[in-house]
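> Sequence unavailable; structure follows:
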């Protein structure tokens, strides 16, 4: 069976047709307003179906926050989001009506966490993405975590780094939460340059590692993941992961005796997925939807 996968991000949508074993074709679509973006998604799927054949289901791993309560009349809709025009958008309903197949949805980071869990062979894993925003998908005993809403780790409070003494943060809701201080746009706002253009010896990276270390410590102390996978565009700087490991151990300060330098090297890792993990996870969401 063929499936469609949509990794719906704040900057771009990555669409694919294939399965969790690999894509036959993918396309990247810039995220603009819902009407234009989803029309282009539908055009991609029309062309892919015409070439490769019918799909059994569609899986979406989306930016949020999302209504993931199956009993809610708004299940699948995007809730209050800083992305203009997207609040209230119901992608599953639109695509279900358009293509006549089951549509499953979860957060983009939960989708990525689910894909990485399979690749790492563990049951408890957290996937952190650091890019346009910051989020963490959490899998516990093989299932993505959700309840009254879903985890929003990008908006936890963090201890301000001295290098950011005069920076208010950019989150429209909280100012200096994790996302407001350490996302890609926050780096640009604080230092006047994107993550890809900041040199390795810039003081921004000590602050960045400290903030992400605080997040890792929070995850370790609350959900005890066997692995924490750090992805997203900001993590593409190869030196950053090692600094996050060091910051995590420094913040733990000897607590959680199972976490030492060897464990940090083994358990704080980059993504293993050969494709974007959010896209692979979206195929898994589609495969699950086809079985319901």
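Done, it's in. Bear in mind the structure is a predicted one, so any value in this text is a computation, not a measurement.
> Could you use CA atoms for every contact and neighbour count after this?
Noted.
> Not counting its neighbours along the chain, what's nearest the most centrally placed residue in the chain?
The centroid of the chain falls nearest to residue 109 when counting by Cα atoms, centre = their mean (3.0 Å). Leaving aside its sequence neighbours, residue 109 sits nearest to residue 137 (Cα to Cα, 6 or more residues apart in numbering; 4.3 Å).
> what about that neighbour, neighbour count?
Each residue near residue 137 was counted by other Cα atoms under 10 Å, and the total is 27.
> same check, this time on residue 262
9.
> where does it sit relative to residue 268, distance-wise?
Separation of residue 262 from residue 268 (Cα to Cα, to the nearest Å): 10 Å.
> In terms of secondary structure, what does the least confident helix or strand in the chain by mean pLDDT contact?
Every helix and strand of the chain was ranked by mean pLDDT, DSSP states H and E. The lowest is strand 143-144, at a mean of 86. Applying 3 or more Cα pairs under 8 Å, 6 or more residues apart in numbering; DSSP states H and E, one finds that strand 143-144 contacts helix 108-120.
> Beyond the helix it packs on, next helix or strand please.
Using DSSP states H and E, the helix or strand that follows helix 108-120 towards the C-terminus is strand 125-130.
> Give me the sheet partners of that following strand and which way each runs.
Partners of strand 125-130 in the sheet, by DSSP bridges, are strand 134-140 (antiparallel), strand 227-231 (parallel).
> Show residues contacting the last one.
When contacts are taken as Cα atoms under 8 Å, 6 or more residues apart in numbering, the neighbours of strand 227-231 outside the stretch itself are 116, 122, 124-130, 216, 241, 267-271.
> Which one of those is nearest to residue 153?
Within these, the smallest distance to residue 153 is 8.8 Å, found for residue 128 (Cα to Cα).
> wait, what's in contact with the closest one?
Residue 128 makes contact with 109, 134, 135, 136, 137, 228, 229, 230, 231, 232 under the criterion Cα under 8 Å, 6+ apart.
> again, only this time at 7 Å
135, 136, 137, 229, 230, 231 (Cα atoms under 7 Å, 6 or more residues apart in numbering).
> out of these, who's nearest residue 28?
residue 231 (18.1 Å).
> so how far is residue 171 from the closest one?
Taking Cα to Cα, one finds residue 231 at 20 Å from residue 171.
> that older thread, mind telling me the two of the contacts of strand 227-231 farthest from one another?
Farthest apart among the contacts of strand 227-231 by Cα to Cα are 122 and 130. That separation is 22.4 Å.
> if we can go back for a sec, is the residue nearest to residue 109 in contact with residue 125, as I believe?
No. Contact criterion Cα atoms under 7 Å: residue 137 and residue 125 do not qualify, at 8.3 Å.
> intersection of neighbour lists for those two?
Counting by Cα under 7 Å, 6+ apart, the common neighbours of residue 137 and residue 125 are residue 113.
> ok, residue 231 and residue 171, which is more surrounded?
Legend: neighbour count by other Cα under 10 Å for residue 231 and residue 171, higher for residue 231 (24 against 20).
> That one and residue 25: what is the separation?
Note on residue 231: its distance to residue 25, by Cα to Cα, is 23 Å.
> follow-up on the earlier one: and which of the contacts of residue 128 is nearest to residue 54?
For the contacts of residue 128, the nearest to residue 54 is residue 137 (30.3 Å; Cα to Cα).
> Could you give the bridge partners of that closest one?
Beta-bridge partners of residue 137, as defined by DSSP bridges: residue 127.
> residue boundaries of the helices in the stretch 101-250 of the chain?
Shown for the stretch 101-250 of the chain, the helices assigned by DSSP state H, counting those that start in this stretch span residues 108-120, 178-182, 184-191, 204-223, 240-252.
> By mean pLDDT, show me the worst of those helices.
Least confident of the helices of the stretch 101-250 of the chain, judged by mean pLDDT, is helix 108-120 with a mean of 93.
> who does that helix touch, helix- and strand-wise?
When contacts are defined as 3 or more Cα pairs under 7 Å, 6 or more residues apart in numbering; DSSP states H and E, helix 108-120 packs onto strand 58-62, strand 125-130, strand 134-140, helix 277-291.
> Including distance to residue 176 and mean pLDDT, could those go into TSV?
As requested, the helices and strands packed on helix 108-120 are exported to TSV (distance: least, Cα to Cα, whole Å; pLDDT from 0 to 100):
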stretch	distance to residue 176	mean pLDDT
strand 58-62	24	97
strand 125-130	16	96
strand 134-140	13	93
helix 277-291	27	95
